[in-house]
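> Predicted structure and sequence below. I'll ask about it afterward.
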Amino acid sequence: MKTLTRILPVLILACVSALAQSGAIVPNENLVVEGVPTIPSSLAETVGRYTEFRSASFTSWHPTKREILISTRFADTAQVHHVQFPGGARRQLTFFPDRVGGGNFPPKGGEFFVFSKDTGGNEFFQGYRYDLANGNITLLTDGKSRNTGGTWSNSGQWLAYGSTRRNGKDVDLYVINPADPKSDKALSQLEGGGWGAADWSPDDRQIILFEFISANESYLWLVNAATGEKTLLTPKGGAEKVAYGGGQFSKDGKGVYVTTDRDSEFQRLAYVDLAQRSTSS
């Protein structure tokens, strides 16, 4: 009975579309089934209400209108939908066989949004621009490397993201003006795969860069948005490994709010004074 209990859901999910003329589920040819009774198609239909579901999540506010983008999952993939007023119906904008990630308006403007998508689950994510006026979709990245993240500058002109374009392994920091794909450029060459842009300074002159090494060790850096030069923001080294997270500039740009487990078993909120490079909880 325990064996049947474990196998039954697998057969229903894998074989629900393959029905015999007798009204029973026919296992796929890659399954070897022994000692399992015939499963009627009516049972699959009854269970379907629990195995098929739709979910929706908020992704972005329009910068000037009372409109939002949401990600809604229909069947096997999540796509971007547009809601134009409170309580309004969602309108599907992307129709790919693969899952669409993100869907984010720039802080200013709102004529387009950006999203990411891979192909066939290969995790080689590419960045795209969707123009609301005509529904045109423009590829922003090279179409071959793995591109991750995407953090808007406060002006809405630049988007900082990570890419393995240089050697297929290390994640370098890139910036692009999505309105002009030719503006794409490498800003800072990095080593390792755990890098990502966290935030821009209020004047857009600096970028907080997150370096993930492990669950117990991570650091934050400051990158000059013009030259790509980076300097360590949080202490590195010492007897014990420390994990830093977050990384958001204060409104006046004089400090950075972070989370850290330094001198603690748990992550706590802390503030890094940029002038003194001192951290306080």
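Ah, there it is.
> And the contacts of stretch 230-240?
Contacting residues not belonging to stretch 230-240 are listed as 188, 208-209, 219-224, 242, 244, 247, 256, 258, 260, 262, 272, 277, 279 [CB atoms under 8 Å, 6 or more residues apart in numbering]. C-beta: built from backbone N, CA, C; applies to glycine.
> any idea where the helices of the stretch 1-150 of the chain begin and end?
2-15, 41-51 (DSSP state H, counting those that start in this stretch).
> Confidence-wise, which of those is weakest overall?
If those are sorted by mean pLDDT, helix 2-15 sits at the bottom with a mean of 48.
> Excluding chain neighbours, give the residue nearest to residue 280 in space.
residue 271 (5.4 Å; CB to CB, 6 or more residues apart in numbering).
> That neighbour contacts residue 257, correct?
Yes: counting by CB atoms under 8 Å, residue 257 is a contact partner of residue 271 at 5.8 Å.
> Tell me how many other residues crowd the spatially closest residue to residue 216 that is not a sequence neighbour.
Spatially, and ignoring its direct neighbours in sequence, residue 216 is nearest to residue 241 (4.8 Å; CB to CB, 6+ apart). Using other CB atoms under 10 Å, residue 241 is surrounded by 15 other residues.
> Show the contacting residues for residue 241.
By CB under 8 Å, 6+ apart, the neighbours of residue 241 are 214, 216-217.
> quick one: stretch 166-175 to chain centroid distance?
17 Å (CA atoms, centre = their mean, to the nearest Å).
> in it, what's buried?
170-175 (16 or more other CB atoms under 10 Å).
> same deal with stretch 124-136?
124-130.
> what would those residues look like in JSON lines with pLDDT?
Listed next are the buried residues of stretch 124-136 as JSON lines, based on pLDDT from 0 to 100:
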{"residue": "124", "pLDDT": "97"}
{"residue": "125", "pLDDT": "97"}
{"residue": "126", "pLDDT": "98"}
{"residue": "127", "pLDDT": "98"}
{"residue": "128", "pLDDT": "98"}
{"residue": "129", "pLDDT": "98"}
{"residue": "130", "pLDDT": "98"}
